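*Asks:* no letters, just coordinates:
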């Protein structure tokens with residue numbers, strides 16, 4: 001059976017109209033969905049873009065037929081969870097059965113721009129799960145046609161509902177980078193999102209903990225989405241693929257925590273230390289399509305239901321053609 005391999009539209013790297021065109025082109029080459037990044041600033045100044053993900057998702061939905069969602073958005077800093085819920089419900093109403101809501105705990109690069117106190121990681125994770133609770137309760141009440149109130153530790157909501165709501169609420173997927181968050185996600189949300197390379201031992205641990213959390217509350221983890229965003233660097237030569245990784249996506253090679261870095265110019269400074277050897281085990285790099293096919297297959301064999309591929313090189317069209325012809329047809333579930 002052909003697996004679900006989607007395209008990662010990185011809005012910090014391409015203007016919105018081009019990102020929409022690339023998502024449509026990806027579908028024509030056999031990719032089956034779109035994950036669009038939610039950034040207020042790019043990682044690096046040279047990337048040069050950062051469009052509003054909800055506007056772009058609406059346009060992508062009009063040009064494609066596959067699933068679509070933000071990978072990932074963060075409620076509670078730039079936008080109140082209720083506003084995120086409204087944006088998600090609107091996309092789901094426009095494109096029934098296609099939209100999923102990916103939620104993360106956030107990074108200072110995008111969320112600290114509003115100038116609020118930037119909490120430590122444990123508080124950010126607690127805020128995320130409280131935001132998820134608010135969003136899910138708002139979805140449920142709105143489908144039932146009733147108002148709700150919410151008073152949590154971090155967020156409040158006056159008596160209200162979403163007046164535009166699909167018949168079925170979009171599934172909520174949480175981004176997890178550690179086992180504790182993954183297990184908590186298994187207990188509370190519809191699915192898991194993470195990022196990494198297929199040879200990263202951390203991925204198997206996350207899937208295991210997610211499944212444990214689901215089973216603790218009587219849920220079947222085999223029926224819950226498990227999503228991987230996979231960064232790859234393909235080019236006509238190995239040398240060009242390595243050079244593109246270093247120049248275009250040094251983020252994957254950073255060996256320091258990045259959640260507290262606040263400026264693209266600060267990222268640019270620390271990225272100068274990244275060398276080709278820093279990508280070992282963190283990204284699929286090379287000219288041979290079979291290398292990429294084997295890597296994606298390992299991710300599927302590990303237990304991921306969906307893989308959204310981000311090509312770090314600038315030539316997205318050549319990548320889509322090569323992967324559509326030489327990589328996707330050889331993948332199996």
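*Replies:* Ah, there it is. Note that the structure is a prediction, hence the values are computed from the model and not measured.
*Asks:* distance of the residue sitting nearest the centre point of the chain relative to residue 297?
*Replies:* Residue closest to the mean C-alpha point of the chain, counted by CA atoms, centre = their mean, is residue 71 at 2.2 Å. In this view, residue 71 and residue 297 are 21 Å apart by CB to CB, to the nearest Å. Placement of C-beta: from N, CA and C, glycine included.
*Asks:* which SS class is the residue nearest to residue 251 when sequence neighbours are not counted?
*Replies:* Spatially, and ignoring its direct neighbours in sequence, residue 251 is nearest to residue 43 (5.3 Å; CB to CB, 6 or more residues apart in numbering). Residue 43 falls in the coil class when you classify it by DSSP: H, G, I helix; E, B strand; the rest coil.
*Asks:* model confidence score at residue 43, please.
*Replies:* Listed pLDDT for residue 43 reads 97.
*Asks:* that one contacts residue 264, doesn't it?
*Replies:* Yes: between residue 43 and residue 264 there is a contact at 6.3 Å, judged by CB atoms under 8 Å.
*Asks:* overlap in contacts of the two?
*Replies:* Common neighbours of residue 43 and residue 264, counting by CB atoms under 8 Å, 6 or more residues apart in numbering, are residue 109.
*Asks:* those two: which is more packed in?
*Replies:* Taking neighbours as other CB atoms under 10 Å, residue 43 and residue 264 compare with residue 43 leading, 25 against 21.
*Asks:* show me the contacts for residue 243.
*Replies:* Going by CB under 8 Å, 6+ apart, residue 243 touches residue 235.
*Asks:* next one: it from residue 306, what distance?
*Replies:* Counting by CB to CB, the separation of residue 243 from residue 306 is 30 Å.
*Asks:* would you mind measuring from residue 61 to residue 128?
*Replies:* Distance of residue 61 to residue 128, given as CB to CB: 25 Å.
*Asks:* hang on, residue 309 in a strand?
*Replies:* Yes: the assignment for residue 309 is a strand, going by three-state DSSP.
*Asks:* which other helices and strands does the lengthiest helix in the chain contact?
*Replies:* Identified as the longest helix of the chain according to DSSP state H is helix 121-144. If contacts are counted by 3 or more CB pairs under 8 Å, 6 or more residues apart in numbering; DSSP states H and E, helix 121-144 sits against helix 81-94, strand 101-103, strand 148-151, strand 172-175, helix 179-188.
*Asks:* hmm, back to that, show me what contacts the residue nearest to the centre of the chain?
*Replies:* The contact partners of residue 71, taken as CB under 8 Å, 6+ apart, are 8, 35-38, 102, 175, 193, 227, 229, 308.
*Asks:* since that was my last question, I'll sign off now.
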